[in-house]
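*Asks:* predicted model follows, preceded by the sequence.
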Amino acid sequence: PTLSDRMNINSQIEHLQAKYVGTGHADLTRFEWAINIHRDSYASYVGHHNMLAYFATVENESIGRVKYEFLQKMLLPCGIPPRRDDEEEEEEREVRFT
């Protein structure tokens, strides 16, 4: 591939990443990526009635209950976010100076 082909591909990737949140970007953390995957999955399950019916049958719950649980799981699908290194460094600085 030529240099112009690479530039064109890169601009297309950047355009997709700007347009769709789930496609990620260079600074995306592993935790943020996992959240996107989980939320996309739950949204797909809720949007497809047959999938909801399958999960409801397997869990021996009503379809409405399974839908409600999936919607609740979309809030924090992977739990509380881990602390970032820069936040820890800022707190250490604050502790030293106070």
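*Replies:* Right, received. Where do you want to start? Residues are numbered from 1 along each chain as shown.

*Asks:* residue contacts, the residue nearest to Ser62 when sequence neighbours are not counted?
*Replies:* Nearest non-adjacent residue to Ser62, counting by C-beta to C-beta, 6 or more residues apart in numbering: Ala56, 6.2 Å away. Using the backbone N, CA and C atoms, a C-beta is placed for each residue, glycine as well. Applying C-beta atoms under 8 Å, 6 or more residues apart in numbering, one finds that Ala56 lies in contact with Ser62, Ile63, Arg65, Val66.

*Asks:* and the second one, how many neighbours?
*Replies:* Using other C-beta atoms under 10 Å, Ile63 has 14 neighbouring residues.

*Asks:* quick one on the thing from earlier: adding secondary structure, write the contacts of Ala56 out as JSON lines.
*Replies:* JSON lines is the format used below for the contacts of Ala56 (DSSP: H, G, I helix; E, B strand; the rest coil):
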{"residue": "Ser62", "secondary structure": "coil"}
{"residue": "Ile63", "secondary structure": "helix"}
{"residue": "Arg65", "secondary structure": "helix"}
{"residue": "Val66", "secondary structure": "helix"}
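
*Asks:* how many neighbours does Phe70 have?
*Replies:* Neighbours of Phe70 (other C-beta under 10 Å): 19.

*Asks:* and what of Ile35?
*Replies:* Ile35: 19 neighbours (other C-beta under 10 Å).

*Asks:* the bottom helix or strand of this protein by mean pLDDT?
*Replies:* None of the helices or strands of the chain scores lower by mean pLDDT, DSSP states H and E than helix 85-97, at a mean of 64.

*Asks:* relative to Asp5, how far out is Met51?
*Replies:* Look at Met51 and Asp5: by C-beta to C-beta, to the nearest Å, they are 40 Å apart.
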